[in-house]
Structures are given as C-alpha cells and as structure tokens.
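[1] Model the following, please.
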Amino acid sequence: MKIATFNINNVNRRLPNLLRWLRSAKPDVVALQELKSTDADFPVAAIEKAGYGAVWRGQKTWNGVAILARNVEPVLTRTALPGDARDNEARYIEAAVNGIIVTSLYLPNGNPQPGPKFDYKLDWFKRLRAHAAKFIKQDIPVVLAGDYNVAPTELDIYPTKSWDKDALIQPKSRAAFKTLTAQGWTDAIRTLHPSQPMFTFWDYKRNRWPRDAGLRLDHLLLSPAIAPRLLKAGVDRTIRGEEGASDHAPAWIVLK
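    Model prediction:
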C-alpha cells in the first residue's frame with residue numbers, strides 16, 4: 001500500500017501535473033494540501049476519471065485539504081481538527097482507507113514570528129498533539145500525513161542562515177514537532193533515510209530548485225500500530241522540476 005502526501009499549491013492550476021504524477025506513481029492514497037479551491041471548484045470529475053475517489057474540504061484562495069484513494073471511496077471521518085470551534089481554516093481532513101486512518105493536514109506557516117500567526121501555529125500543534133494522543137491510546141493504525149511547515153532538524157534544511165528568523169525552523173516549532181513524535185509516532189522518511197536531507201520543498205525565489213536549496217516540510221508519521229509495516233519511503237523530486245510545478249514534491253511510503 002503506497003501512501004503519499006503532496007502540497008499541490010493550487011489543485012486546479014496544477015491539475016495536469018497532479019494527473020501525470022498519479023498515472024506514473026500510482027499511489028493508493030494521497031493527502032493533498034493547499035488546494036486553493038472552494039468545495040464546488042474541486043476537480044472531482046477529473047480525479048474520478050483518473051481512478052480515484054476523493055474527500056475534500058476547500059477554502060477560497062487559501063488552504064484546503066483532500067484525501068484521494070485509488071479504486072475506492074475514502075470514508076470521511078473528520079473535516080476539522082478538534083479543540084477550537086472558532087477555527088474555520090480548511091487545514092485538516094481525515095478518512096479511513098482499507099483499514100487505515102489517513103490524515104491530510106496543513107499546519108499553519110507561522111510567519112511573521114513572533115506574533116499572532118506564530119501563536120496560532122503553536123496552538124494548532126497543541127491541538128494536533130491532543131488529537132493524535134487519542135489514536136495512540138486506542139492503538140489505531142494511523143498515518144498523520146501532510147505539510148507540517150516545520151523542518152525538524154538541521155539536516156532538514158540546506159546550509160544557510162537566510163531562514164534563521166523563519167517560523168519553519170524556530171526552536172519552538174521544532175520542539176512542537178519533537179513533542180508530537182515523542183508520543184510514539186514514527187517519522188517514516190527519516191527512519192529509512194537517517195542521514196540524507198530528503199527535501200520536499202524548494203521555494204520559487206532565489207533559484208532554490210536549481211541549487212537544491214530545499215527543506216523537508218512534508219512528513220508521514222506512523223502510529224505504533226502500523227509502523228512495523230513500513231517497507232519503503234521516498235520523495236518524488238523530479239516532479240518539482242516540471243513546467244508549472246508546485247514548490248513541493250510528493251513524499252511517500254510503502255506499507256506491507
């Protein structure tokens with residue numbers, strides 16, 4: 001079973017890129033982020049034609065998350081992260097696919113920091129930890145997939161000081177990610193690639209893709225109930241080099 005996470009950065013604009021990748025990579029489940037589409041404008045017909053069922057939660061201009069499943073309909077279990085009824089941003093969706101709970105989460109960027117946006121990021125992390133702890137306690141097979149907007153360690157960003165003030169690499173951001181994984185979650189890509197950067201994001205600015213000036217922001221965390229099934233993990237880097245590409249590349253795992 002192949003499960004991927006892909007920040008598509010506008011699902012309608014990048015639809016040709018997405019469909020090409022689905023045909024070539026053949027993932028069984030895909031968590032998409034940054035749809036930048038309303039619910040009504042989500043390209044469900046094209047995705048179904050490609051052989052995928054879908055659930056999604058859109059938002060005009062910003063955010064938006066979806067879960068695709070090959071040759072099956074994902075069973076929607078949640079369309080928002082619990083813990084704050086006032087939070088209306090489309091950043092979390094959850095579905096059951098073939099006996100596994102899969103999320104698509106789009107954690108807040110947090111910039112500029114310090115400030116309200118960074119506080120929102122840390123609060124969102126706190127809510128995610130509270131929700132994730134329930135999965136651990138109930139011993140449910142779960143893949144927490146998505147764009148976490150955190151490069152967890154120095155290995156997860158190219159050598160530079162230009163991001164030092166950015167929310168993506170702040171000590172509090174990294175500590176929040178570490179506290180989450182400390183519940184018992186397995187960082188799949190880092191587990192199988194302990195010494196390689198494995199970047200998933202290259203900003204459009206400053207020639208960062210040609211320079212391989214990337215960050216690892218997209219993660220697949222496995223609950224203890226499913227972590228022993230991990231066989232492979234990787235990043236489809238070449239997708240980032242396509243014409244009209246998202247600034248992210250798909251990260252993926254294979255479970256036995």
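
[2] For the rest of this, base every contact and every neighbour count on C-alpha atoms.
    Noted.

[3] Who are the contact partners of Pro141?
    For Pro141, the residues meeting the contact criterion (Cα atoms under 8 Å, 6 or more residues apart in numbering) are 99-101, 135, 222-226.

[4] May I ask which of those residues has the most neighbours?
    The most crowded member of the contacts of Pro141, judged by other Cα atoms under 10 Å, is Ser223 (25 neighbours).

[5] Just the helices from the stretch 101-250 of the chain, written as ranges.
    Secondary structure of the stretch 101-250 of the chain, counting by DSSP state H, counting those that start in this stretch: helices at 116-138, 171-181, 188-192.

[6] can you put these in CSV and add distance to Pro152?
    Shown next, in CSV, are the helices of the stretch 101-250 of the chain (distance: least, Cα to Cα, whole Å):
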stretch, distance to Pro152
helix 116-138, 13
helix 171-181, 5
helix 188-192, 10
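
[7] nearest to Leu231, of the ones you listed?
    Within these, the stretch nearest Leu231 is helix 188-192; the backing value is 8.6 Å (Cα to Cα).

[8] rewinding a little: sitting in strands, which of the contacts of Pro141 do you find?
    Residues of the contacts of Pro141 located in strands (DSSP state E): 100-101, 222.

[9] Kindly state the pLDDT recorded for His193?
    Listed pLDDT for His193 reads 98.

[10] do Thr103 as well
    The model reports Thr103 with a pLDDT of 98.

[11] Wait, it touches Gln33, no?
    No. Between Thr103 and Gln33 no contact is recorded; they are 10.6 Å apart, counting by Cα atoms under 8 Å.

[12] returning to what we had before: how about the contacts of Pro141, which pair is most distant?
    By the measure Cα to Cα, Gly99 and Pro224 form the most distant pair in these, at 14.8 Å.

[13] Now the common contact residues for Thr103 and Gln33.
    Taking Cα under 8 Å, 6+ apart as the contact criterion, the common neighbours of Thr103 and Gln33 are Gly146.

[14] With neighbour numbers in mind, choose between the two.
    Set side by side, Thr103 and Gln33 give different neighbour counts by other Cα under 10 Å, the larger being at Gln33 (32 against 28).

[15] got the contact list for that one?
    Contact partners of Gln33, counting by Cα under 8 Å, 6+ apart, are 5-9, 63-66, 91, 104-106, 146-147.

[16] In terms of distance to Pro43, which of those residues ranks first?
    Compare each of the contacts of Gln33 with Pro43 using Cα to Cα and the shortest gap goes to Ala66, at 11.1 Å.
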